[in-house]
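1. Here you go, sequence then predicted model.
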Amino acid sequence: MIYRYFGNVQELFKAYLLQKDFWMLFEDNLLAANRHDFGQTLAKNILESQIEYFYCNKEMQQIMRWQINESNDISRGLADSRERLGEEMLGITDHYFKDSGVNFRALSAVVI
């Protein structure tokens, strides 16, 4: 069944990780829905939710440790996807924080 639906075990594992990954849960519709206030609500909700998600989800903590400690195609691909999504979010919030004296990119990097 694995080979029929996923092609191989690596693709099954990748599908599982994508299903569990916090950032991938937001990929489809959240960014488009939160452009109205330059991402202010989006940034607040994502950062608060991320802290709670990782604090409560021991499985995802283990997955993140694995991704940090072991470089491979799957972990690199997930990291690249997160970076693209994060850049899109920051592109929305940049205008809100422009000339505010707040470096939101740096603050969000520390929180993440």
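-> Thanks, I have the structure now. Because the structure is a prediction, the values reported are computed rather than measured.

2. How about Lys14: what's its closest non-neighbour residue?
-> Counting by Cβ to Cβ, 6 or more residues apart in numbering, Ile74 is the residue found nearest to Lys14 once chain neighbours are left out, at 5.2 Å. C-beta: built from backbone N, CA, C; applies to glycine.

3. neighbours around Thr93, how many?
-> 20 (other Cβ atoms under 10 Å).

4. right, and it touches Ala43 too?
-> Yes. At 5.2 Å, Thr93 counts as touching Ala43 under the criterion of Cβ atoms under 8 Å.

5. Which residues are in contact with each of the two?
-> Common neighbours of Thr93 and Ala43, using Cβ atoms under 8 Å, 6 or more residues apart in numbering, are Phe104.

6. sorry, back to before: which SS state does the residue nearest to Lys14 fall under?
-> Here Ile74 is recorded as helix under DSSP: H, G, I helix; E, B strand; the rest coil.

7. start at 48 instead
-> Okay, using 48 as the starting number, the last item reads as Ile121.
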